[in-house]
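Asks: Coordinates for the following, if possible.
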Amino acid sequence: MTRPGKLAALMRALSWRRVAAELRETESRFQQVTDHIREVFFLVDPGITRMFYVSPGYEELWGRSCESLYANPRSFGDAIHVEDRERAFQTFAPQGTVIPFDVEYRIVRPDSTVRWVRARGFPIRDASGQIYRFAGFAEDITERKDAMDLVTHQAQALERGNRRLALLGEMTGLLQTAVRIEEAAAIVEGYVAQLRVGDSGGFYLFKESRNYLDLLARWGEPKLADSVVPGECWALRRGQAYRAPGAQPTLRCKHARQLEEAATHLCVPMMAESGALGLLHVVFANPSPAALEEDALLAQRTAEQLGLALANFKLRETLRIEAMQDALTGLYNRRFLEITLKREFARAVRENNSVAVAMVDVDHFKRFNDAHGHDAGDVALRQLGKVLQENCRASDLACRFGGEEFTVVIPGATREAVKPWTERLLAKVRDMKVIADGVLLPQLTVSIGLAFFPEHGEETAEVIQTADQALYAAKRAGRDRCVFSPGHS
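Replies: You can find the predicted model right below:
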């Protein structure tokens, strides 16, 4: 018969064996689970000096053997990207204290590929509350990161595109209000720099002769030609955008040969219905393929908007000139005369000066038209307009008042200064050769009436009317002469 003490000892032994067996079975099941999950599971001491367990996923993610980690538990950190290493270890054990962590960092595998890892860990405490183990998971989040980066990049590209479109709209709107080509050039220069089209570039405009294009605006620090001959630009010759890769500098436009060898250049003609109006020339220092395509598309949109704006600008300029200029003689018209007289009278008041206004009329012009026809009369008026223009200073203004009557405004003039001018004009008209259809027509003469501001009135209508009265006095006195308004002899 077994004694009670021995029986109790036997029962305890059997119980421990059962516990050990269950523990081994639990460990086996745990290892089966951890061995087959994609994530890396690890169990390490708090000082990272002993690795108790690491799942096989470590070898697939880190590209290193589990044995190497068992031999040196800290060797996993050697694979962490140098820029992320300090942050990763500080997250794990800030000030030497192990706490739960969740951190993302990059690792560099032996084959030099880079992977993104998310590592999460937590301490395990014993019955007394002391940390005696540290467990955690590490997973490959490279695809997720790449997807997020792609979404972020697309969002940034969309925001950048919207911002550029808004700037393009602002530039186009301002160009619609520009009244001089210099204003248009300044607008283009400021906005294209903000649009960041390429690294540098320039905006060229055709001269009236269309023999070459002038550089009107530039941005960045390009070595640009000051002018471009149309035949030296592939884009202008072909009538469409042309891009020369940096790898083949021999294919560049001739006007871009001075660029650095690695630079790529893009030329986009600014087109209108009448043809090319100008050229947008963009230089890319060392672009990525994606950035090059994005900026090339923006450059073409910019050139399209500039082409439309320039066409509208030229149309407005043509209409403005037509509204202010006499179509037959090329002189300014009566409308422009009235605007100019107000300005000159105001300036004369500020400077305590005078303004002479001369009314000039062709003698017996109706008789000339009846005898030789209206076409011959037009030739005569054009010739007279040329003589008037040649007899004026840069500060003077010659206008066609209407019919065969002309007006000349002479700022700062006195009687003594104007009298020689009138004598020269009368003589030049007498010497004027009018040839129509190869036939030399009879000599023409003019009569001149002169009035002065402010002596003969403070309003434009008063001064013109006074000059007109002096003109009729010249007609009555025998024509081919100049008469000053009353008060002058």
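Asks: contact partners of the helix or strand containing residue 425?
Replies: Element membership of residue 425 [criterion: DSSP states H and E] is helix 415-430. Applying C-beta atoms under 8 Å, 6 or more residues apart in numbering, the contact partners of helix 415-430 are 356, 358, 360, 384, 387-388, 390-391, 410, 413, 443-446, 448, 450, 452, 480-482, 484, 488. (Each C-beta comes from the backbone N, C-alpha and C, glycine too.)
Asks: please redo it, this time with the cut-off set to 10 Å
Replies: Here helix 415-430 makes contact (C-beta atoms under 10 Å, 6 or more residues apart in numbering) with 354, 356, 358, 360, 362-363, 383-384, 387-388, 390-393, 396, 408, 410, 413, 443-448, 450, 452, 455, 480-484, 487-489.
Asks: any idea which helix or strand comes after that helix?
Replies: Following helix 415-430 in sequence order, the next helix or strand is strand 435-436 (DSSP H and E).
Asks: Direction included, what does the helix or strand following that following strand pair against?
Replies: Of the helices and strands lying after strand 435-436 in sequence (DSSP H and E), the nearest is strand 439-440. Partner strands and pairing direction for strand 439-440 (DSSP bridges) are strand 435-436 (antiparallel).
Asks: what's next to the partner strand, contact-wise?
Replies: By C-beta under 10 Å, 6+ apart, the list of residues contacting strand 435-436 reads 372, 373, 375, 376, 377, 378, 379, 380, 383, 441.
Asks: Name the nearest of those relative to residue 215.
Replies: residue 383 (38.8 Å; C-beta to C-beta).
Asks: burial of residue 368, as a residue count?
Replies: Counted by other C-beta atoms under 10 Å, the residues lying close to residue 368 total 19.
Asks: and what of residue 308?
Replies: Neighbour count for residue 308, taken as other C-beta under 10 Å: 17.
Asks: And for residue 185?
Replies: Neighbours of residue 185 (other C-beta under 10 Å): 18.
Asks: quick one: the helices in the protein?
Replies: 4-35, 57-62, 66-71, 85-92, 142-177, 181-195, 234-238, 289-324, 334-351, 365-372, 374-390, 415-430, 460-476 (DSSP state H).
Asks: okay, these in CSV with distance to residue 201 next?
Replies: CSV is the format used below for these (distance: least, C-beta to C-beta, whole Å):
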stretch, distance to residue 201
helix 4-35, 60
helix 57-62, 47
helix 66-71, 55
helix 85-92, 41
helix 142-177, 14
helix 181-195, 7
helix 234-238, 13
helix 289-324, 8
helix 334-351, 38
helix 365-372, 56
helix 374-390, 40
helix 415-430, 51
helix 460-476, 48
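Asks: Tell me which two of the contacts of strand 435-436 sit farthest apart.
Replies: 373 and 383 (15.3 Å).
Asks: Who has more neighbours out of those two?
Replies: residue 383 (19 against 13).
Asks: how about the more buried one, what does it touch?
Replies: Contacts of residue 383 by C-beta under 10 Å, 6+ apart are 329, 429, 432, 433, 434, 435, 436, 441, 444.
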